[in-house]
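Q: requesting a structural model of the entry that follows:
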Amino acid sequence: MEKIAIISDIHGNLPAFETVLSDIHQRGITRIFCLGDLVGKGPHPDKAVDICREVCEVVILGNHDDFMVSDRDLPFIQWHRERLGRERLDYLRNLPATYDFHFSGRKIRLFHASHIGVYHRIHMNASEEEHQAMFTNTDFTGNRFTPDTVGYGDIHQVYYKNRFGKVLFNVGSVGNPLDEPLAAYAVMDGNFGDTKPGYSSIQIIRLPYDIDLAVRQAAAEGMPEFQEWEDELRTGRYRLDPASRAWRQPGTESDTGYTRPPTV
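A: Model prediction:
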């Protein structure tokens, strides 16, 4: 038996990432899989990439990772690219899209957002048909096998759904949780690589971390969309949700001077 930590959506938030890694270490877990979005939004994309390369056995591509190596030329992307540098951008460019493996007799598939691609979002409250489609093989996933368990990130909200023997779970976000302001990751317990049925479990972990420090770090870096980032960290609500800004006092709104397509 062994444990695997499944993390996702770090978004350059070092205080949250360090808290999660410390908890993983205290649990004696040495195998870590990352479901993408190492970068984007938060102030330390370079350090997030470097740490992931050091500690993660598996890292797959997220939509924000793909932003950085795309032909998009928005100010916030340029800011992050400058900090990442060419070698880290090349690393992101070559990340795999999915990861399949056997685990205590179950067929596990991990990806960032969905079976369609990194920009195709499936929410927790999506239809039954949309959830069931996550188990299908596509050009994006390949067809090594048809999974009975699918784990993903992207939506920054944890959930677990078991229906007709198929398990769909979301590991939430390490650095930008949008359900409550607590870092999230998952722990899988079972036999890695074993095709024979056996014991397995999936546990969701939630952790408080130093949000004030994360906010101070972002401010010190002069990060684009700083106020939107602070709102999300403190409230656990998406920046396009008006309620995410309700905690601030009138007159403290900021204007970044540009807009970009809605994306988590």
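Q: could you report the neighbour count for Ala219?
A: Look at Ala219: counted by other CB atoms under 10 Å, it has 14 neighbours. In this view, the C-beta of every residue, glycine as well, is placed from N, C-alpha and C.
Q: surely it touches Leu233?
A: No - using CB atoms under 8 Å, Ala219 is not in contact with Leu233, being 11.9 Å away.
Q: where in the stretch 151-264 of the chain is pLDDT low?
A: 242-264 (pLDDT under 70).
Q: the strands in it, which residues?
A: Under the criterion DSSP state E, counting those that start in this stretch, the stretch 151-264 of the chain contains strands at 159-163, 166-170, 183-190, 201-207.
Q: who are the packing partners of the first one?
A: In other words, strand 159-163. Packed against strand 159-163, as judged by 3 or more CB pairs under 8 Å, 6 or more residues apart in numbering; DSSP states H and E, are the following elements: helix 128-133, strand 166-170.
Q: give me the contact list for it.
A: Residues from elsewhere that reach strand 159-163 (CB atoms under 8 Å, 6 or more residues apart in numbering): Met124, Glu128, His131, Gln132, Val167, Leu168, Phe169, Asn170, Ile202, Ile204.
Q: returning to what we had before: go through the strands of the stretch 151-264 of the chain and name the closest to Asn13.
A: Of all those, strand 183-190 sits nearest to Asn13, with 8.3 Å by CB to CB.
Q: which strands and helices sit next to the closest one?
A: Contact here means 3+ CB pairs under 8 Å, 6+ apart; on that basis strand 183-190 packs against strand 2-7, helix 14-26, strand 201-207.
Q: which residues are in contact with that strand?
A: Applying CB under 8 Å, 6+ apart, the external contacts of strand 183-190 come out as 1-8, 16, 19-20, 24, 27, 29, 103-104, 106, 108, 151, 158, 169, 171-175, 177, 198-209.
Q: that one: which residues count as buried?
A: Of the residues in strand 183-190, Ala183, Ala184, Tyr185, Ala186, Val187, Met188, Asp189, Gly190 count as buried by neighbour count, 16 or more other CB atoms under 10 Å.
Q: hmm, back to that, give me the PyMOL select line for the contacts of strand 159-163, limited to the buried ones.
A: Buried subset of these, written as a PyMOL selection, criterion 16+ other CB under 10 Å:
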select buried, resi 131+167+168+169+170+202+204
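Q: give me the neighbour count for the closest residue in space to Asp9 that isn't next to it in sequence.
A: Once flanking residues are discounted, Asp9 sits nearest to Ser173: 3.6 Å by CB to CB, 6 or more residues apart in numbering. Ser173 has 31 neighbours, counted by other CB under 10 Å.
Q: so what's Ser173 up against?
A: Ser8, Asp9, Ile10, His11, Asp37, Gly153, His156, Ala183, Ala184.
Q: in contact with the residue lying closest to Arg31 once chain neighbours are set aside, which residues?
A: Of all residues not flanking Arg31 in the chain, Ile4 sits nearest, at 4.7 Å (CB to CB, 6+ apart). Residues near Ile4 by CB under 8 Å, 6+ apart: Ile29, Arg31, Ile32, Phe33, Phe103, Val187, Met188, Phe192.
Q: now swap in Cys34 and tell me
A: Ile6, Ile7, Ser8, Ile10, Cys52, Cys56, Val58, Val59, Ile60.
Q: pull the contacting residues for the fifth one.
A: When contacts are counted by CB under 8 Å, 6+ apart, Cys52 is found next to Ile10, Cys34, Leu38, Val59.
Q: separation between the residue lying closest to Tyr185 once chain neighbours are set aside and Trp79?
A: Ranked by CB to CB, 6+ apart and with sequence neighbours excluded, the top spatial neighbour of Tyr185 is Ile7, at 4.6 Å. For Ile7, the distance to Trp79 equals 24 Å [CB to CB, to the nearest Å].
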